[in-house]
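1. heads up, no residue letters with this:
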């Protein structure tokens, strides 16, 4: 009975860690969503909420670090439980960095607004990149919630699409800068936004790889991924 009680307690601790990690993911999703919406709508109040959320995200990161450390020290998890704890350790770092990228986007948007600048006429490249990055993050968190290795594999494959969209965005912005030098400052800030979105995609891919690791026990970093399972 005592052993069963300890096992039940351990399961509850793991579930609490997973739940709080997904809560952190929800906050980071909100940061990214508000940064992109604030940029497009030129909404100063919305942009300011992005950095305001940073303290809450950081507090959750520290709390989860502490919880994971205590679980490893006291419970000495093995097999799937250990993979789960290690994956959470890595995922919260990726989430914190996505939050940092959202703050970079918001700050660039605020600089554009402070200059009373408008985005170059006809430019819409960042919307596509934003949709891809935001979709990858949402799907990665959903995959983690379900420990869905197949979904994780599909997200990893999207990273190439994100990289290509960033290159397309750069080409589009270079064209605008050559045609109208007055757009250079704004275009450079949008390039920073595009680079931040590319990094969001990279971190979402990392989270998807952590999901595959939990489910399959295979580290697919630096490997080709197909069908949710890495092959060298």
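-> Sure, I can see it. In this text, all values refer to a predicted model and were calculated from it rather than measured experimentally. Residues are numbered from 1 along each chain as shown.
2. The top helix by length along the chain - contacts with which helices or strands?
-> Counting residues, the longest helix found in the chain (DSSP state H) is helix 2-41. Here helix 2-41 touches helix 44-52, helix 54-75, helix 79-114, helix 125-146, going by 3 or more CB pairs under 8 Å, 6 or more residues apart in numbering; DSSP states H and E. For glycine as for every other residue, the C-beta is placed from the backbone atoms N, C-alpha and C.
3. Can you give me the buried ones in the helix or strand hosting residue 178?
-> Assigning secondary structure by DSSP states H and E places residue 178 in helix 149-179. Neighbour counts over helix 149-179 (16 or more other CB atoms under 10 Å) mark 149, 151-156, 158-159, 162, 165-166, 169-170, 172-173, 176-177 as buried.
4. so how far is that helix from its chain's centroid?
-> Centroid displacement of helix 149-179 relative to its chain, using CA atoms, centre = their mean, to the nearest Å, is 15 Å.
5. That one: what's the following helix or strand?
-> Next along the chain after helix 149-179, taking DSSP H and E as the criterion, comes helix 184-216.
6. Could you list every helix and strand in contact with that next one?
-> The contact analysis (3+ CB pairs under 8 Å, 6+ apart) places helix 184-216 against helix 79-114, helix 125-146, helix 149-179, strand 229-231.
7. So for residue 192, which of those sits nearest?
-> Each of these has some distance to residue 192 by CB to CB; the shortest is helix 79-114, at 4.8 Å.
8. got the contact list for the closest residue to residue 163 other than its chain neighbours?
-> The shortest distance from residue 163 to any non-neighbouring residue, by CB to CB, 6 or more residues apart in numbering, is to residue 198 (6.6 Å). Residue 198 makes contact with 129, 133, 162-163, 166 under the criterion CB atoms under 8 Å, 6 or more residues apart in numbering.
9. got it, and residue 11?
-> Residue 11 neighbours (CB under 8 Å, 6+ apart): none.
10. remind me which residues of this protein are low pLDDT?
-> For the chain, applying pLDDT under 70 flags the ranges 1-6, 117-124, 222-232.
11. Give me the buried positions along stretch 186-199.
-> Applying 16+ other CB under 10 Å to stretch 186-199 flags 186-187, 189-191, 193-199 as buried.
12. distance between it and the chain's centre?
-> For stretch 186-199, the distance to the chain centre is 16 Å (CA atoms, centre = their mean).
13. Any idea how far stretch 30-42 is from the middle of the chain?
-> 15 Å.
14. now swap in stretch 171-187 and tell me
-> 28 Å.
15. Just the residues contacting stretch 101-117, thanks.
-> Defining contact as CB under 8 Å, 6+ apart, one finds that stretch 101-117 is touched by 28, 31-32, 34-36, 38-39, 42, 44, 47-48, 50-51, 54, 119, 185-186, 189-190, 192-193, 196-197, 199-200, 203.
16. Before I go, just wanted to say thanks for your time.
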